[in-house]
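Asks: whatever this is, show me its structure:
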Amino acid sequence: MSVFKHVPVMLLLFSSITISAQENNSIQFTNGSFNEALQAAAKSGKLVFVDCYTSWCAPCKWMEKNVFVNDTIHQYFNKQFINFKVDMEKGEGVSLRERYKVTSFPTYLFVDAKGNQVHRTGSRMSVQDFITEARRANEPGNTLADMEKKFNSGDRSLKLLTDYAIVLQRVNGGQFDKVRNELISKVKEEELNTALGWTIIKNFARDEEDKLGSYLIRHRQQFNAFADEASIQTKLNQLASSTMYGLIRQKRNAEFFDKLTMMLRDTSYAAQRNAVMLQIEYYLTNKNAEGFLAVARTAQAGAFRNNPADLSFVARRAGYQANGDTAILKQAYEMARLAAQLEPEEYSNQGTLAESCYALGLKEEGLKAARKARLLADLETSKIQKIAQALVDKLEKLN
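Replies: Down below sits the predicted model:
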């Protein structure tokens, strides 16, 4: 584990703005008001990066722990922006939430010294995606505001539609659908055989049967010029999974099992894991307890035996879709119990075990897990704490 060093509180351009005393290997946020951050931006010629969060937002916490501490991220942000974070449910965060129409968390704003929004993004994302959005904010002509102006003025170039849709998918679902659909209807097949075409397919193909996905499958080899084999295979796997979940919903059973047979030929862990998840979803959706139990027990003894996250996920999913089937509930309990044994300090594992116990009327064991989950929730958000306490309460009332 890295050794974290504290940096001293420093003046930032003028005395009323200070850098938070925190680890020097994370994004450094200013103390002070939003207006003071804008004044600092005016003096420095930088944009203000605004981290809009809430106390209960789990993706906000994840980004803080896993992305803000990345060397590339904090070095870029600390050099390029005045960084300001604000709880959208407290103090001036309430008015800023209204001013910038923030409806989901985390939302990340990039504003100029006058408070005008230049760029915007949000949600949990990878280091690479986050740095891409930050650099976009500093590129004239490539920000969300710039692209919006171009689009509204009639620009329908493939490059503009592609870039605009990539940004919109994190901040405006309705407008994203509009731009994505226009892009897909506009792009010609011969234009997909390009680096830009790969970007379009990688970001917007949804399944094997749509225009983009089917083109990739039919012309897979030509994309070796634009992407590495691993990236192409990852996209193909995503398309296959999406298609198969669609087949489950549409009850196209024969097609589902034909594709499953092909998937099982891939002996990689990722493919085998995906096949297990698809089979579990198929059998649960079709209320086939026997099929579910066969797959779940095999996975528990094999591929998932040392994977508490997957064990816990299947247990939650099975508990949700069991419809009172005791055999399914018992299997969910067994998987939840193993997950909690493998990783006892993980909140979700203890919470899942407590829920499984509740479904089977196992009050004593359930309360033990629920109380453990409640303690672990103190390290999480206030929303999770409330959920954990509610779980303790309902188990205490169990006869």
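Asks: what residues are up against the most centrally placed residue in the chain?
Replies: For the chain, the residue lying nearest the average C-alpha position, counting by Cα atoms, centre = their mean, turns out to be Arg124 (4.4 Å). Contact analysis of Arg124 by Cβ atoms under 8 Å, 6 or more residues apart in numbering lists 59, 62-63, 106. C-betas here are computed from N, CA, C, even on glycine.
Asks: again with Ile280
Replies: Contacts of Ile280 (Cβ under 8 Å, 6+ apart): 292, 295-296, 299, 314, 317-318.
Asks: closest one of these to Ile201?
Replies: Arg317 (29.9 Å; Cβ to Cβ).
Asks: these two touch, right, that closest one and Leu284?
Replies: Yes: using Cβ atoms under 8 Å, Arg317 is in contact with Leu284, at 6.7 Å.
Asks: show me which of those two is the more surrounded one.
Replies: Just comparing Arg317 and Leu284: by other Cβ atoms under 10 Å the higher neighbour count belongs to Leu284, 24 against 16.
Asks: sorry, back to before: drop anything exposed from the contacts of Arg124.
Replies: 63, 106 (16 or more other Cβ atoms under 10 Å).
Asks: and the contacts of Arg124 as CSV, adding secondary structure and distance to Ser242?
Replies: Below are those laid out as CSV (DSSP: H, G, I helix; E, B strand; the rest coil; distance: Cβ to Cβ, whole Å):
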residue, secondary structure, distance to Ser242
Pro59, helix, 22
Trp62, helix, 24
Met63, helix, 26
Pro106, coil, 26
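Asks: among the contacts of Arg124, which two are most distant?
Replies: Longest span within those, Cβ to Cβ: Trp62 and Pro106, 9.2 Å.
Asks: ok, the residue nearest to the centre of the chain to Ala390 distance?
Replies: Distance, Arg124 to Ala390, by Cβ to Cβ, to the nearest Å: 25 Å.
Asks: what comes into contact with stretch 55-72?
Replies: 23, 25-27, 51, 53-54, 73-74, 77, 87, 89, 105-106, 123-127, 130-131, 380-384.
Asks: an error on my part: the question was meant for stretch 304-321.
Replies: 273, 276-277, 280-281, 284-285, 292, 296, 299-300, 303, 328-329, 331-333, 335-336, 338-340, 342-343, 346, 348-349, 352-353, 355-356, 359.
Asks: so which other helices or strands are in contact with whichever strand or helix holds Gln39?
Replies: For Gln39, the host element (DSSP states H and E) is helix 34-44. Packed against helix 34-44 by the contact rule (3 or more Cβ pairs under 8 Å, 6 or more residues apart in numbering; DSSP states H and E) you find strand 14-19, strand 30-31, strand 47-53, strand 81-87.
Asks: for whatever helix or strand Thr352 lives in, the averaged confidence score.
Replies: Take DSSP H and E as the rule and Thr352 turns out to sit in helix 347-360. For helix 347-360, the mean per-residue pLDDT is 96.
Asks: next, the buried residues of the helix or strand just after it.
Replies: Counting by DSSP H and E, the next helix or strand C-terminal to helix 347-360 is helix 363-377. The neighbour-count check on helix 363-377 (16+ other Cβ under 10 Å) flags 363, 365-374, 376-377 as buried.
Asks: cool, and stretch 204-222?
Replies: 204-208, 212-213, 215-216.
Asks: can you check stretch 113-133 too?
Replies: Those would be 113, 115, 117-122, 124-125, 127, 130-131, 133, for stretch 113-133 by 16+ other Cβ under 10 Å.
Asks: next one: stretch 242-261
Replies: 242-248, 256, 259-260.
Asks: what's the answer for stretch 291-310, then?
Replies: 292-293, 295-296, 299-300, 304, 307-308, 310.
Asks: check stretch 44-61 too.
Replies: 46-54, 56-57, 60-61.
Asks: likewise stretch 386-399?
Replies: Of all the residues in stretch 386-399, those buried under the rule 16+ other Cβ under 10 Å are 387-388, 391-392, 395.
Asks: of the contacts of Ile280, just say which sits nearest to Thr267.
Replies: Distances from Thr267 to the contacts of Ile280, taken by Cβ to Cβ, are shortest for Ala299, at 15.4 Å.
Asks: the closest one: which element?
Replies: helix 289-301.
Asks: need the residues that contact that helix.
Replies: Under Cβ under 8 Å, 6+ apart, the answer for helix 289-301 is 276, 279-280, 282-284, 310-311, 314, 318, 325, 327-328, 331, 334-335, 338.
Asks: before we move on, what about stretch 367-385?
Replies: 54-58, 61, 340, 344-347, 350-351, 353-354, 357, 387-389, 391-392, 395-396.
Asks: if you set the cut-off to 6 Å instead, what comes out?
Replies: With contact meaning Cβ atoms under 6 Å, 6 or more residues apart in numbering, stretch 367-385 is reached by 55-56, 347, 350-351, 353-354, 388-389, 391-392, 395.
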